[in-house]
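S.K.: Predicted model follows, preceded by the sequence.
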Amino acid sequence: MLKSELIRPRLKMRDGQVWTQSLPGNYRYLAVAGDLTAIFQRCVGQSRGKLTEALRDYEGDSLDYPIIRGLAAVLEARCVFGSDPPVQPPDLRAAIFQQGPVTRQQDLFSLTTRKQLLAEAAANYELPVEQIETALFADLAEEQILLDPGEAIAPGDLITRYNLEVARGLLYWAREVRIQVHDSYKDVFKFIKLFKLMYTIRPVVGEKGYHITLHGPISPFVKSTIRYGVQFAKFLPALLLCDRWQMEADVSPPKAPGPEPLRYTLNDQTDLRTHFKASGLFDSRLEADFAAEFEAKYGGAKRKWGLAREDELIVVGDTVMIPDFSFTHRKDGRRALLEIVGFWHPNYLRRKLHKVRQAGRKDLILLVYESVNVAEGAFEEASAGEVLTFSRKPVLKETLAAVERCAVAPTEVVTV
Amino acid sequence: MTDLSESPRAYFLGGTIVLENVAQTATPPAPFQWLNAKWRCPAVHYRTVRPWLKRQGIRNNIPRWGNLNTLALHDDRDPHPYQTEALQTWLTAERWGSVVLPTGAGKTFLALRAIAECAVNTLVVVPTLDLLHQWYARLENAFGVTIGVWYGREKRLEPVTVTTYPSAWAHAETLGNQFKLLIFDEIHHLPAPSWHEIALICAAPYRLGLTATYPDPVAEWEQERLTADAKKQIQPFTDAAIDPVTLLDKLVGPVVYRKKIDDLTGRQLAEYRTERIRVDLTPEERSAYDAAYAAYTGYVREARLRESHGPGWWDEFTRRSAYEAQARRAKVAELKLKEIIHQTQGKLDALDRLLREHRDQQMLIFTAHNRFAYQIARRHLAPVITHQTKAAERKAILDDYRAGTYKAIVTSKVLNEGVDVPEAKIAVVLGGSSSAREYVQRLGRVLRKRGNKQAVLYEVIARKTVDERIARQRRPRQ
């Protein structure tokens, strides 16, 4: 995440649109990225102030200074700075400065010199004078020592990351972000939740996928606000985890030509690359085994049901539920959804059942690990569809029978 | 079995009040709207919806604040009658509204008494970091408890905490339900775009606004137009369509007390004399300066910036330096020459001499930049205050300076507008901008005639450089 002054020079605006200039990974900028990485390496063990000076020297009077500073900021964010003074700097300052001020030139009235004061402090703290000298302002940002420049990064990767950070930065001024996604729902919602955003969802008409409008709690009560801009910016890399997606944001960057927000659009054809990790296909061994067994026994060319992972959202109040699996009939297209509840805590199960009841979906099957904790009759009222239990591992045959009973044509998704 | 997770409750979510397990068919009071499958309203309405929640038996999970029963005000100053009157009026007005008093009439003291009277968790919101530090010191002295500060460099919550408008805006979701009393210093800043969201997002049912310059109500004809505009909007709060007074009425309450006290204003400026000390650049500094100056003025002259852009030539220069190689080079040269004059060796030598001459007098030393301030602090072993100095250390330095333990303080631009700076007999200005306002404010606050001894201001200027012009420009026009 870069400061906004590093974003602004990279913006282009025209005809109500705004976008960020992508820095090309050409010979010139690869060299700059390489040089900067080398400067950081060289400054290990030195203060932030020295690093800043080295960077300013490198920048000179180049017109590329916003780019150079941006690339350097990406590198700096990866660094670990620190200091471990043997004495608390504010205490040390108070102790020494109460004897000051001292002057260079001595005269009749000069009681002490700088050298004497520092030597006195060194004696009091039982430290060498050089350590007193460094500890004096060790708590200032400029005096922090660059301890670790972070994992090595290739010049091309640095440029890629920089371009992503600039694209994120444009969203600092976003009032609302609308996205359309067709896969990776679990990751998308994981990060929406992580960054404390709110959303409204509606299905894309005519195909699989969802329109999601992102905003924050206060958004409905104000005409417009940029207070969620930083959260949108944090979220952007999550969107890049999807294979098929589009984004459209209303953005009001500084120096926009008029009062109307500008449109910022991105889609899956972008050159931007995410640094977020996609979660694995399965959350648990139980789910992986279930899928493997299904493919072995009921898969193949003659299969009746197609099994897919987390390909449908159920909106429950102001949250979403993403069932683990869906079954789609190969011929008539009927579908059923399956949620496997493995090992659980009673509170977790209670919340889950509450959610399922709220969802009220006839085509939702809950497969629950049976434990002594299950209260008699707890499930009957819980689900609109069916609840099956298992004691060791999910039983496929029973599950498929339930799928057969519950599956409905997608056009007639029923909530009870 | 009563399942707690399904009983109705109200909670705080990112600046809104949300009703959980309350059906769409319920009829909560007006501010609530059915959105995203729940009843929601901005947290500012907590004060008005609380009785309804109580009547309905809805569990109230909103407040995270507490009472401060042991809070005691250690300030034996007698309040002025108008301060007592203002406080009583505000208390009677359900602790909801603003007090308008002229500058210097003791608004902070009034606020301290309001905090003591309410004895609840309190957040004070102020416009600048300088004021934050000042409030911090006043609160800590007044109550003798640890005071929280919440801004860029320090984020520490305590039952009584001071923050700035920008920080409060950025963290309103976190702070919003932790304080029962909200105090806005210089509340005329609140209606600014975005900043009013602080008041919207906080749940505090007690609010006190303070200012000397409350916004003027909008003229009637204009009000009609604005109201008409506002009606077109569905939302109750908008950035632009409501005039500041109406907005403040809704978010903090009306003005409950207003007093004009003419004789309290216009504090006399101290009597002091100014001495200018001109210093030479070293030969090395001189040649570097001349080269940079030639590069800078050469461009400005050649590009005929003054001729083509008149008084706006400087902005044009800055604008061009972002994309034109010549201009960029000139800009870098200009920064370089400023750096040379702001910290020339000659100024250090002059300061050394002044420190010796005024060994027994309290001195304030001003520099143009932090880096130079730290260099001087290191060289002379004197305390330094910059924007990096944390609240506790800053207060300690100023206290010890007032007590005479410290003879000198080095500082860059931070001791400006509206801040209680300790008195000094000697001020040394080593550099600074040419803004006359800044100049007068610094000096008027600092230099006090004591007995019949005049205070002295030293201006140290680099000879035959742009420093001379800057110094000339900053002198107030008589």
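M.R.: That came through, no problem. Numbering: from 1, shown residues only, chains lettered A, B, ... in the order given.
S.K.: Any stretches of the chain with poor pLDDT?
M.R.: Going with chain A. A:107-111, A:371-385, A:411-416 (pLDDT under 70).
S.K.: Let me rephrase: I mean chain B.
M.R.: B:1-5, B:76, B:103-104, B:218-242, B:261-272, B:413-422, B:432-454, B:473-478.
S.K.: top helix in it by residue count?
M.R.: Longest among the helix segments of chain B by residue count, using DSSP state H, is helix B:283-302.
S.K.: Next, the buried residues of it.
M.R.: B:Glu285, B:Arg286, B:Ala288, B:Tyr289, B:Ala292, B:Tyr293, B:Ala295, B:Tyr296, B:Tyr299, B:Val300 (16 or more other Cβ atoms under 10 Å in any protein chain shown). C-beta: built from backbone N, CA, C; applies to glycine.
S.K.: Pick the one among those residues closest to chain A.
M.R.: Among the buried residues of helix B:283-302, B:Ala295 lies closest to chain A (Cβ to the nearest Cβ), at 9.3 Å.
S.K.: B:Asn67 reaches B:Ala119, doesn't it?
M.R.: Yes - using Cβ atoms under 8 Å, B:Asn67 is in contact with B:Ala119, at 6.0 Å.
S.K.: Tell me how chain A divides into domains.
M.R.: A:89-138, A:165-267, A:285-412 (automatic domain parsing).
S.K.: hang on, the earlier thing: okay, B:Asn67 and B:Ala119: which has more neighbours?
M.R.: Applying other Cβ atoms under 10 Å in any protein chain shown to B:Asn67 and B:Ala119 shows that B:Ala119 carries more neighbours, namely 18 against 12.
S.K.: residues contacting that one?
M.R.: B:Asn67, B:Leu68, B:Asn69, B:Leu71 (Cβ atoms under 8 Å, 6 or more residues apart in numbering or on different chains).
S.K.: just to revisit the earlier point, let me know which of the domains of chain A is tucked in deepest.
M.R.: Most buried of the domains of chain A, by mean neighbour count (mean count of other Cβ atoms under 10 Å in any protein chain shown): domain A:165-267, with a mean of 19.
S.K.: how about that one, does it reach chain B?
M.R.: Yes - interface with chain B: domain A:165-267 contributes A:196, A:198, A:200, A:216-218, A:220-227 (Cβ under 8 Å from any Cβ of the partner chain).
S.K.: Check these and tell me the two furthest apart.
M.R.: A:Lys196 and A:Lys223 (21.5 Å; Cβ to Cβ).
S.K.: so A:Asp268 makes contact with A:Leu241?
M.R.: No - using Cβ under 8 Å, A:Asp268 makes no contact with A:Leu241, being 10.8 Å away.
S.K.: Contact residues of the stretch 301-416 of chain A facing chain B?
M.R.: A:Gly317, A:Asp318, A:Arg350, A:Arg351, A:His354.
S.K.: Same list, these, but as CSV with distance to B:Thr389 please.
M.R.: Shown next, in CSV, are those (distance: Cβ to Cβ, whole Å):
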residue, distance to B:Thr389
A:Gly317, 49
A:Asp318, 45
A:Arg350, 52
A:Arg351, 48
A:His354, 52
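S.K.: Out of these, list just those in helices.
M.R.: Per DSSP H, the subset of those in helices is A:Arg350, A:Arg351, A:His354.
S.K.: Could you dump those residues into TSV and include distance to B:Leu35?
M.R.: Listed next are those as TSV, based on distance: Cβ to Cβ, whole Å:
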residue	distance to B:Leu35
A:Arg350	26
A:Arg351	22
A:His354	21
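S.K.: Return the member of these nearest to A:Asn26.
M.R.: Taking these together and measuring to A:Asn26 by Cβ to Cβ, the closest member is A:Arg351, at 53.2 Å.
S.K.: From A:His182, how far out is the closest one?
M.R.: For A:Arg351, the distance to A:His182 (Cβ to Cβ, to the nearest Å) stands at 29 Å.
S.K.: cool, B:Ser98 as well?
M.R.: Taking Cβ to Cβ, one finds B:Ser98 at 53 Å from A:His182.
S.K.: again, but for A:Arg8
M.R.: For A:Arg8 relative to A:His182 (Cβ to Cβ), the value is 33 Å.
S.K.: what's the answer for B:Pro51, then?
M.R.: 48 Å.
S.K.: just B:Gln24 next, same as before
M.R.: Distance from B:Gln24 to A:His182, by Cβ to Cβ: 31 Å.
S.K.: try A:Arg175
M.R.: 25 Å.
S.K.: residue contacts, whichever residue of the stretch 301-450 of chain B sits closest to chain A?
M.R.: As assessed by Cβ to the nearest Cβ, chain A sits closest to B:Leu381 within the stretch 301-450 of chain B, at 3.6 Å. Residues counted as contacts of B:Leu381 (Cβ under 8 Å, 6+ apart) are A:Ile96, A:Phe97, A:Gln99, A:Gly100, A:Pro101, A:Val102, A:Arg114, A:Leu117, A:Leu118.
S.K.: Show me what from the stretch 251-400 of chain B comes close to chain A.
M.R.: B:322-325, B:328-329, B:331-333, B:349, B:352-353, B:355-356, B:359, B:371, B:374, B:377-383, B:388, B:390, B:392-393, B:396, B:400.
S.K.: 6 Å - rerun?
M.R.: B:325, B:328-329, B:332, B:352, B:355-356, B:359, B:380-383, B:388, B:393 (Cβ under 6 Å from any Cβ of the partner chain).
S.K.: Could you measure from A:Asp64 over to B:Arg47?
M.R.: In terms of Cβ to Cβ, A:Asp64 sits 54 Å off from B:Arg47.
S.K.: does B:Arg207 count as helix, strand or coil?
M.R.: Counting by DSSP: H, G, I helix; E, B strand; the rest coil, the backbone at B:Arg207 sits in strand.
S.K.: Tell me which residues touch it, please.
M.R.: B:Trp96, B:Leu182, B:Val252 (Cβ atoms under 6 Å, 6 or more residues apart in numbering or on different chains).
S.K.: measure it to chain A for me?
M.R.: B:Arg207 sits 18 Å away from chain A, going by Cβ to the nearest Cβ, to the nearest Å.
S.K.: how about the closest residue to A:Lys304 other than its chain neighbours, phi and psi?
M.R.: Counting by Cβ to Cβ, 6 or more residues apart in numbering or on different chains, the nearest residue to A:Lys304 once its immediate chain neighbours are dropped is A:Arg330, at 6.1 Å. Backbone torsions of A:Arg330, given as degrees, to the nearest 10, read phi -70, psi -30.
S.K.: same check, this time on A:Leu197
M.R.: According to degrees, to the nearest 10, A:Leu197 has phi -100, psi 160.
S.K.: can you tell me how far the residue in the stretch 151-300 of chain A positioned nearest to chain B sits from A:His345?
M.R.: Closest contact between the stretch 151-300 of chain A and chain B, by Cβ to the nearest Cβ, is at A:Pro217 (3.5 Å). Separation of A:Pro217 from A:His345 (Cβ to Cβ): 28 Å.
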